[in-house]
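Participant: A predicted structure for the sequence below; I have some questions about it.
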Amino acid sequence: MTETTTRQAAPPATTPRGRGPVVAALMLVMGLTALDGTVVATAVPQIVGDLGGLSVFSWLFSGYLLAVTVTLPVYGKLCDTFGRKPVLIAGTILFLVGSLLCAAAWNMGSLIAFRVVQGLGGGALQGTIQTIAADLYPLKERPKIQAKLSSVWATASVAGPAAGGLLAGYADWRWIFLINLPVGLVALWLVGRYLVEPPREAPRTVSVDWAGAVAVFATGALLLTALVQGGVAWPWLSAPSLGLFGGALLLAGVTVLIERRAAEPVIPGWIWRRRTIAAVNLALGALGLVMVAPTVFLPTYAQAVLGLGATAAGFVLSAMTLSWPVTAALSNRVYNRIGFRLTAIVGITLALLVLLAFPFLPFPGEPWQPALLMLLLGGALGFFQLPLIVGVQSTVPYEERGTTTASVLFCRQVGQSVGAALFGAIANGVLAARLGGGQDLDTLGPRLDHADDTLRRAIDAAVDHVYLGAAGAAALALLVLLILAPRRFPILKEEDRPAEA
C-alpha cells in the first residue's frame, strides 16, 4: 500500500548532468560537517595546551552549535528564494574560510570566534544537502541517497577520533582545520560543474526578510546560550539565566510580529499550520532529546563504569551509527507498504523499548552489552527518522522544500540543545545525591580514569536516569505520531525523471 497522492504535481526536481558527481560532492560536504565535531573533540588537549583557555574551551562546540542551529531557517528560506546551488556554494566557502581562520587562531577567544564563522557556513550545508538530496531522487529512490549520507556519519564516528588523534599527536592541531580545504575545494568544483537546477520562473522582485532573519538569529542565540550555559557557567535560577530566557521570550514575540507582516517570512506560518509538517517537526525535536543520551553520556559511562579507554568507548557508541544507515536504506521497503507514519511508529516504539532496557544492564557489565543496545537503537532510529524526513519533503512542492527541510533540522537541533541542558541537570542531580556534594560530570573528569566503586555506581545511576529521560522523549515522539500526524501523508505527484542523468 502506498501513501495517498493528492494536490498538484511539483515542478521538476534538480536534474544534474551527472548525478553521481553531485552525490559525491554532497557526501564530501557532509563529511566536512560530520567529521568536524569528533576530530576537534579529540584534539582538545593539544589545543588547550597551545592556546590556553581551559575554562571556556567548551564554547568551541557550543559556539559552532549555536551558529548552525539559528541559521538553519534562514538558509532554508534562501534555498527556496535563490536556489540550492548558490546557497550550497556560499555556505561551503564560508565554512572553508572559517576553517582557515581557525588554523590561524592565536588564542582561545579567536578560535571560538572563528568556530562561529565555521558554524555560519555549516548551517547552510546541513539543510541544503538534505534538500538537494530530495531534489535529485524521486520518492522511491530517495533512501539510496539518504543511506549514502548516513554512511558518511557512520564513517565519521569511527574515523573522526582516530584522525583527530593522529593529526594532533604527530602533526599539529591546526591541520584538523586545514584538511578541510582540499576536500571542500573538490566539492565546490563538482557542484559548480555538475549541479544544474531546473528552470525557474521569470525573474521577479525578491523580498528577503532580513529583519526576520536577524530576529530569528537573535532569538535562537539567546535561547541556546541559556540552555548551553545554564547549570554550567551559572545556576539555572541566577540573573544571567533568567535574563537570557526572558530576553529570548521577548525576542520570540518580536519575531512573530515581524514574520506576520513580512511578504516572504523566513519562518512562514504554514510550517505550523500544516498538520504533517508540524507533527514531523515535533517528533524530530523529540528525537533531538533522545540522541543526547547516547552521544553525550554513553562515552562517559563506557570509560568510568566499564573502564574502557577513550577509543574503545567511541566504538561502543559507533555501533549505533553502523546500524542506522542500514535500516534507513531498507526503510523504503517498509514505508512503501505500510506508509510513512506507521513505519516511524514502529521505529520509535522499538527505540523506546531499547532505551528502557538500558537501566537493566548489570553493573559493571561487559562492553558488548551497551554496544548491542546501541546497535539495536541505531537500527530502530533508522526506521524512525528517514521515513519522516522523506515523507515530509514529499508533501511540499520544490519551492517550499528548502524551508520545510530546514524547519525539521532546526527542531532536531533545538531538541538536542534542550536535551543537553535537561539531561545534564538530571545527571548532576543524581550525582549530587549519590556523592553527597554538588559534583557533576565536568568536575569529575580528572577522576574518570581511576574511578572508585562509589563514583562508578553514581555515574551508572546518573546515566540510567538519563536513558529513562530519553525513553520519555521517545514516548513523546510516539504520542505525537499517534495523535497529531495524519494516517497518510498527503504526498505530491512527481514528474517522471530519468533513472540516470
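Facilitator: On my side now, so go ahead. Numbering: from 1, shown residues only.

Participant: all contacts plus neighbour counts: C-alpha atoms, from now on.
Facilitator: Noted.

Participant: residue ranges with poor pLDDT in the stretch 151-300 of the chain?
Facilitator: 154, 157-162, 164-170, 199-208, 228, 231-232 (pLDDT under 70).

Participant: residue ranges of the helices in it, please?
Facilitator: Taking DSSP state H, counting those that start in this stretch as the test, the helices found in the stretch 151-300 of the chain are 175-178, 180-194, 210-229, 239-261, 270-273, 275-292, 298-304.

Participant: so which of those is the most packed in?
Facilitator: Comparing the helices of the stretch 151-300 of the chain by mean neighbour count (mean count of other CA atoms under 10 Å), helix 275-292 ranks first with a mean of 25.

Participant: Now do Gln8, the pLDDT please.
Facilitator: For Gln8, the model assigns a pLDDT of 42.

Participant: Quick one, which of the helices of the stretch 151-300 of the chain gets closest to Ala477.
Facilitator: Proximity to Ala477, assessed across the helices of the stretch 151-300 of the chain by CA to CA, is greatest for helix 275-292 (4.6 Å).

Participant: Show me what the closest one is packed up against.
Facilitator: In this structure, helix 275-292 packs against helix 270-273, helix 368-393, helix 398-435, helix 453-483, with contacts taken as 3 or more CA pairs under 8 Å, 6 or more residues apart in numbering; DSSP states H and E.

Participant: Relative to Ala147, which of those helices is closest?
Facilitator: helix 368-393 (9.1 Å).

Participant: name the helices or strands packed onto that closest one?
Facilitator: helix 142-170, helix 275-292, helix 310-338, helix 340-357, helix 398-435.

Participant: Might you report the residue contacts of the nearest residue in space to Pro21 that is not next to it in sequence?
Facilitator: Of all residues not flanking Pro21 in the chain, Leu190 sits nearest, at 6.2 Å (CA to CA, 6 or more residues apart in numbering). Each residue near Leu190 by CA atoms under 8 Å, 6 or more residues apart in numbering is listed here: Pro21, Val22, Ala24, Ala25.

Participant: Distance to Glu399, neighbour count and secondary structure added to these, as JSON lines?
Facilitator: Formatted as JSON lines, the contacts of Leu190 follow (distance: CA to CA, whole Å; neighbours: other CA atoms under 10 Å; DSSP: H, G, I helix; E, B strand; the rest coil):
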{"residue": "Pro21", "distance to Glu399": "24", "neighbour count": "18", "secondary structure": "helix"}
{"residue": "Val22", "distance to Glu399": "20", "neighbour count": "26", "secondary structure": "helix"}
{"residue": "Ala24", "distance to Glu399": "24", "neighbour count": "17", "secondary structure": "helix"}
{"residue": "Ala25", "distance to Glu399": "22", "neighbour count": "25", "secondary structure": "helix"}
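
Participant: elements contacting the strand or helix carrying Leu96?
Facilitator: Assigned by DSSP states H and E, Leu96 belongs to helix 84-103. Contacts defined by 3+ CA pairs under 8 Å, 6+ apart place helix 84-103 against helix 59-82, helix 108-136, helix 175-178, helix 180-194.

Participant: Recalculate using a threshold of 10 Å.
Facilitator: Applying 3 or more CA pairs under 10 Å, 6 or more residues apart in numbering; DSSP states H and E, one finds that helix 84-103 contacts helix 19-42, helix 59-82, helix 108-136, helix 175-178, helix 180-194.

Participant: What angle do helix 84-103 and the longest one make with each other?
Facilitator: Relative orientation of helix 108-136 and helix 84-103, computed by axes from the mean of the first three to the mean of the last three CA atoms, to 10 degrees: 160 degrees.

Participant: Go through helix 108-136 and flag the buried ones.
Facilitator: For helix 108-136, a neighbour-count test (16 or more other CA atoms under 10 Å) marks 108-109, 111-136 as buried.

Participant: circling back to that earlier point, so which of the helices and strands packed on helix 368-393 is the most packed in?
Facilitator: helix 275-292 comes out most buried of the helices and strands packed on helix 368-393 by mean count of other CA under 10 Å, with a mean of 25.

Participant: May I have it as CSV, with CA atoms only?
Facilitator: C-alpha atoms of helix 275-292 as CSV (Å, rounded to 0.1, in the frame of the first residue of the first chain):
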residue,chain,number,x,y,z
ARG,A,275,-0.6,19.1,10.2
THR,A,276,2.0,16.8,8.7
ILE,A,277,4.9,19.3,8.9
ALA,A,278,4.0,20.3,12.5
ALA,A,279,3.9,16.7,13.5
VAL,A,280,7.3,15.8,11.9
ASN,A,281,8.9,18.9,13.4
LEU,A,282,7.7,18.0,16.9
ALA,A,283,8.6,14.3,16.5
LEU,A,284,12.2,15.1,15.3
GLY,A,285,12.5,17.7,18.1
ALA,A,286,11.9,14.8,20.5
LEU,A,287,14.5,12.8,18.5
GLY,A,288,17.0,15.5,19.3
LEU,A,289,16.3,14.9,23.0
VAL,A,290,16.7,11.1,22.6
MET,A,291,20.1,11.5,20.9
VAL,A,292,21.6,13.3,23.8
